Each structure stands twice: as structure tokens, then as C-alpha cells.
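Undergrad: This is the structure alone, sequence omitted:
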């Protein structure tokens, strides 16, 4: 039977416009699969086939979507399938499509034939559509279950190859989270059908899953935009996105909205800084253009659920995951393995956007005591809290009244000594600083020196005698110069200058190289000598012939340094010592050398 689709010329024009709305010519996959799901299908098969033209012209491509759903009888075909804007799914929240225009999408590809097989209640029908303006309906002799739609179009082998690849990508995009089993196969290529379904989760894994009646949500911390080479390249695409401290949000997180697993809308947009999510809800609907989610009351209710979980539950997950990562990053074997370190760095940085957002949120500061989160990786064996970093600075820091913490790229003798003292040293890599978001200043451990206690004779013959002479001459200046502590200086890094001596509050504990200057008027300081420094070994050699003069030279240098005139080991252009101070030392030195008092 031949008949025109119901409607007048105006309706024909409207149908043409509706067909044109499907800018993606393969959108029919989404529409047909959606119909199949609404029909209660357990399995849907999408298959492609291609028959080359024996004369070398365009071959025949056939795209099929077949389901085992409830199918259609003649009443449904005549009163719903072929009637524009009418659907059997209206007001049914268990169904996805409700506008009655989805079937028109099969004509967007401009096929030369669309063929539909369907059956229900012992009836079986075939409909042939040369185009969207007409159809032929045939009653078939054998009953069938479900519905099969075929789209026939002629094309070249190259066009078919591109069609096959794009068809699979399209089905995956729209249907990968569908609750019905979906399979894809290209018979021209051969091979078993490929399962399209994927778990309802996020690409990098999920941190939080929540469900309630009719709605399921998965949330994770959004990955940074780029992680390339040896440096972190963070794009700053968001306009006007700032944290409370003035720094910008990094990129725009992923989001996805789905109804029974079918994609309504995916993209990148800032809903919650540093958080990506997917939400699947039977209450969400698509717009009439089929390419977006309808932003109605149900949409806003769904977003409210996401934001509530982000405020209440996600911070708990953030703390647990950051603490677990900090523990792994603090292990020496992880810091020594470049591949593992890089993977852990990336996972760490995924979470910092949300952490910074929380930290700068007024209310979050009351709900979460961030100072107690053990999330700072260290080179001293165990992760630390911000509070522990501050206490460590007060213990051995250069300026205990300020908010600083220690930083190192790798473990060394200095960091090990600090670790034994219970002082954590934060870990920093070539790529990123794990604690760059803390409201603290940093001090590179390279400026710290460990004075390792040694026997004077270990530095060579004459060193022990030189130190005794030094103490004898220095005693005329009082107790601060009556004893000297032999050591080997070990540096946390590669300093531009190696010091022949230092003044320290504790002779054999790690300390800042400028400790003697900072605390010269505030604490008792002890002179520590690097017995292996060339300046000291040279004076020890001079001591053999001019003991007093050798001691005088070192003591004068130390007094000049303590007075703030010159750094240790440098030559003084001038001296602000009074002549009486210098004369007193000189007389003691000359006396040892057998000279006369001047």
C-alpha cells in the first residue's frame, strides 16, 4: 500500500526542517537505540555491511539496528510511528524519548532506502521509505519479535571505511553507558561483535559514587590539562575563575548528563572547581534538538545533589586519597623510580585544584582542619602535616617566628639528620612542588649544613695541635673562643661557597649556614671548624712554623665574620674591629711565636 505521510504541504516543510536539525548525520544510531531501550530490549545489535559494485561504481552500504524489544503492531505503526510529535512514551519517566520525532533522523544521511521490520501480537510488518515523504507498508507472513531498521546508501569503499569508523565512535559516544547490552560489528571486516557498553565511571577512575531513587552519580578530581615532558604545563582557559588567594582555576572539568545511560550532554564546564562528574537520572530529559540536556527543575535538582556531595562527602575522600598518595610519595623507592614518581605526581596534581578551592572557602575552613591533614610528601620517610612543618621550623629554623618549612628534591645526609631529629623535609621534584599551595614560605635544604663530628687527626697531621693553639689564643676573648669543635661540613646541596667555620647553637646538629649571624646577639653560639676546608688545612700547615700567627689569622677572620664585616673565608677590604681587640689577639699570638709585645 502506498500512502503519503499524514499532513499537508506545510507539514511536509516542517518535516524537512526537522530532518535538517540533525546536524550529525549518524544521530539516527542514538535515536534508534533509544527507541529500542524504551521498547524493553535486552540486546541491541548495530551491524554494517558493504557490497561492492561489480562495475566499479559506488557499492551498497547497509546499516542495521536490531533489537529484541516489544516491537510494534499495526496500530502503533499507524498512530505513533508515522504521526509527527506523537509518542507512546509521553509522561512515562521510564522512557527516554518523548517527542515522537526521533525516527526522522534516519533520513539525515539521505539514504535511497530505509526499511523497517517489526512485529507484535502475532503481526509482522515491513515498511519501505524511499524518503521521508512516502512509504510502502507490507504485512509479512511470518511473525517476528522486536524491530529491525535498515538504512541503505550507496558509497565508495573509502567512504564506507570512514562510515564504519565514525559509526562505532558515534554509538560509543551516545550509548556506552546504556543499561541494555549493545554490540557493534562490521561484517565487511569480519570478526566477532564488539561490546559497546562501558562501566558508568570516569576515565581516570572515581573517588565518590552516590545513588538514590532514579539517580546515580560518580565524581572524581579533574585531571590537569597537560602533563608534558619534564614540566607541568597547566593551561588557563577559564575566564574570570579565581581562588580566594588570587590564583586561577586550572582548566574546565569534564561533566556528563545521561538518562538510563544514554548520553544527553557531555562537555567541559566549571560547575565545581577541580571536580568532574557524571550523573545518570531517569528524571533528566533531552531538548527537542536532541543534542542537549533540558535545564528544567529536574536538571537543577540533579546539580544540587552533585554540589551537596561535593560539599559534604568529597572532602573526606580528598583527604584520604591525598594522605595515601603522600605516603607512597614519601617512600625512597617511589622517589627513585621515574615512571612511578611521574604517575604519582599526576595523581597528586589532579586533586590540588579542589583542595585549593576548599582551603579558600570560608565555610570549609570551619568544617575541615587542613593543618591536621597528613598530605605533604617528604624525603624524611613519612608524610607530614602543615602543623608539623611549622613546628619543625620553630625547632631548627633560621627565623622561628616566621611561617616557613624545609624543602628538598632528594634525601641526603642533611635531610636524614633532620629526620632523626623529627624534622620533616617536604619533597619537591623537577616537575612540581607538592606543597606549593600551602600558605607558608620555603627554605631550600641546600642552604643547610650538617657538621659531622670528627677526630682532629683525621684531617691530617698537625690539626689537633692547631686547634689547641687556637683555643689558647682565643681564650683571651672569653669563653666563646676557648673551645673549638672539629667537624666535616656536609651540605644539603651544592653551595656556591663552602665555609671554613660556622657559629652554631648546637655544634653537631644541622643548621642554616647563616645561623651565626642571625643569632649572634640572641643565643650562645659555638665555633665549629671544618677541618677539611683548604683554608683550615693551610693554617694547620702554617701552624708548624708560626703557631700563634696561624691562630691569629683564623681568629681575626672569625671575629670579622661575627661582627658582620665579611663572610667566612672571604678577604676583608676593611675591618671594623677596634684596634684594642686586634692588638689583644696579636700580642697573644706573638707571645707563642717568641716575638715581642708591640
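TA: Done, it's in. The structure presented is a predicted model; accordingly, all values stated were derived computationally and were not measured.

Undergrad: what's next to stretch 258-268, contact-wise?
TA: 30, 33-34, 37, 96, 173-180, 200, 251-257, 278-282, 284-286, 291-293 (CB atoms under 8 Å, 6 or more residues apart in numbering). Placement of C-beta: from N, CA and C, glycine included.

Undergrad: Pull out the buried positions in it.
TA: Within stretch 258-268, the residues scored as buried using 16 or more other CB atoms under 10 Å are 258-265.

Undergrad: Kindly provide the whole-number mean pLDDT of stretch 167-176.
TA: Averaging the model's pLDDT scores along stretch 167-176 yields 95.

Undergrad: Mind listing residues that contact that stretch?
TA: 24, 26-27, 29-30, 33, 46, 48, 63, 182, 184, 186, 194, 196-198, 261-263, 266.

Undergrad: Now restrict those to buried residues only.
TA: Buried members of these, counted by 16+ other CB under 10 Å: 24, 26-27, 29-30, 33, 46, 48, 63, 182, 184, 186, 196-197, 261-263.

Undergrad: re earlier: helices - which of the contacts of stretch 258-268 land there?
TA: Among those, the ones falling in helices (DSSP state H) are 30, 33-34, 37, 173-175.

Undergrad: Among those, which pair sits farthest apart?
TA: Farthest-apart pair in these is 37 and 173; separation 15.8 Å (CB to CB).

Undergrad: Secondary structure class of the closest residue to residue 57 other than its chain neighbours, three-state.
TA: Nearest-residue entry for residue 57: residue 154, 7.9 Å, with adjacent residues in sequence omitted and distances by CB to CB, 6 or more residues apart in numbering. Under the three-state scheme (DSSP: H, G, I helix; E, B strand; the rest coil), residue 154 adopts strand.

Undergrad: lowest-pLDDT helix or strand in the protein?
TA: Among the helices and strands of the chain, strand 2-4 carries the lowest confidence by mean pLDDT, DSSP states H and E, at a mean of 46.

Undergrad: got a list of what residue 387 touches?
TA: Each residue near residue 387 by CB under 8 Å, 6+ apart is listed here: 371-372.

Undergrad: hang on, residue 377 packs against residue 326?
TA: Yes. Residue 377 lies in contact with residue 326 (CB atoms under 8 Å); the separation is 4.7 Å.

Undergrad: more crowded one of those two?
TA: Applying other CB atoms under 10 Å to residue 377 and residue 326 shows that residue 377 carries more neighbours, namely 28 against 24.

Undergrad: Around the closest residue in space to the more buried one that isn't next to it in sequence, count how many other residues there are.
TA: Nearest in space to residue 377, with sequence neighbours left out and distances taken as CB to CB, 6+ apart, is residue 329 at 3.6 Å. As a burial measure, residue 329 scores 24 neighbours (other CB under 10 Å).

Undergrad: For residue 329, list the residues it contacts.
TA: Counting by CB under 8 Å, 6+ apart, residue 329 touches 335, 341, 344-345, 348, 377, 383, 427, 434.

Undergrad: which of the ones in helices among the contacts of stretch 258-268 lies closest to residue 591?
TA: Of all the ones in helices among the contacts of stretch 258-268, residue 173 has the smallest distance to residue 591: 93.7 Å, by CB to CB.

Undergrad: Quick check: the gap between the closest one and residue 509.
TA: With distances taken as CB to CB, to the nearest Å, residue 173 is found 62 Å from residue 509.

Undergrad: same deal with residue 52?
TA: Distance from residue 52 to residue 509, by CB to CB: 84 Å.

Undergrad: what's the answer for residue 375, then?
TA: Residue 375 is 28 Å from residue 509, by CB to CB.

Undergrad: Settle it for me: which of the two has more neighbours?
TA: The neighbour count for residue 375 versus residue 509, taken as other CB under 10 Å, is higher for residue 375 (28 against 16).

Undergrad: All the helices of the stretch 251-400 of the chain, in order from the start?
TA: For the stretch 251-400 of the chain, applying DSSP state H, counting those that start in this stretch gives helices covering 297-312, 314-329, 332-336, 338-359, 362-367, 386-396.

Undergrad: right, so of those helices, which gets closest to residue 410?
TA: Across the helices of the stretch 251-400 of the chain, residue 410 has its closest neighbour in helix 332-336 (6.7 Å, CB to CB).

Undergrad: thinking again about what came up before, looking at it, the residue nearest to residue 57 is touching residue 60, isn't it?
TA: Yes. With contact defined as CB under 8 Å, residue 154 counts as touching residue 60 (5.8 Å).

Undergrad: okay, and the common contacts of these two?
TA: residue 53.

Undergrad: Give the next helix or strand downstream of the stretch of helix or strand residue 517 belongs to.
TA: Secondary-structure assignment from DSSP states H and E places residue 517 in helix 515-518. As assigned by DSSP H and E, the chain's next helix or strand after helix 515-518 is strand 526-530.

Undergrad: Pretty sure residue 77 sits in a helix.
TA: Yes. Under three-state DSSP, residue 77 sits within a helix.

Undergrad: For residue 116, which residues are in contact?
TA: By CB under 8 Å, 6+ apart, the contact list for residue 116 reads 125-127, 129, 147-150.

Undergrad: Can you tell me the SS state at it?
TA: What three-state DSSP gives for residue 116 is strand.

Undergrad: just residue 142 next, same as before
TA: Secondary structure for residue 142, judged by three-state DSSP, is coil.

Undergrad: what's the nearest residue to the residue minimising distance to the centre of the chain if we skip its chain neighbours?
TA: In the chain, the centroid-proximal residue (CA atoms, centre = their mean) is residue 350; its distance is 1.8 Å. Excluding the flanking residues, the one nearest residue 350 by CB to CB, 6+ apart is residue 221, at 4.6 Å.

Undergrad: neighbours of that neighbour, just the number please.
TA: Neighbours of residue 221 under the rule other CB under 10 Å: 28.

Undergrad: And the protein, split by domain according to the record?
TA: According to automatic domain parsing, the chain comprises the domains 2-195, 208-312, 322-448, 454-592.

Undergrad: now the first one: how far from the chain's centre is it?
TA: Once both centres are worked out by CA atoms, centre = their mean, to the nearest Å, domain 2-195 turns out to sit 42 Å from its chain's centre.

Undergrad: the helices in the stretch 1-150 of the chain, which residues?
TA: Listed in chain order, the helices of the stretch 1-150 of the chain (DSSP H, counting those that start in this stretch) span 9-20, 28-38, 74-76.

Undergrad: Repeat that for the stretch 451-598 of the chain.
TA: Going by DSSP H, counting those that start in this stretch, the stretch 451-598 of the chain shows helices at 463-474, 515-518, 534-543, 547-562, 579-592.

Undergrad: Nearest approach to residue 158 belongs to which of those?
TA: helix 515-518 (75.1 Å).

Undergrad: same for the closest one, what does it pack against?
TA: Contacts defined by 3 or more CB pairs under 8 Å, 6 or more residues apart in numbering; DSSP states H and E place helix 515-518 against strand 501-504, helix 547-562.

Undergrad: mean confidence score for the last one?
TA: Just to be clear, that refers to helix 547-562. 85.

Undergrad: could you give the angle of that helix to helix 463-474?
TA: Angle, helix 547-562 to helix 463-474, by axes from the mean of the first three to the mean of the last three CA atoms, to 10 degrees: 70 degrees.

Undergrad: okay, the angle between helix 547-562 and strand 526-530?
TA: Using the same axes, to 10 degrees, helix 547-562 lies at 120 degrees relative to strand 526-530.
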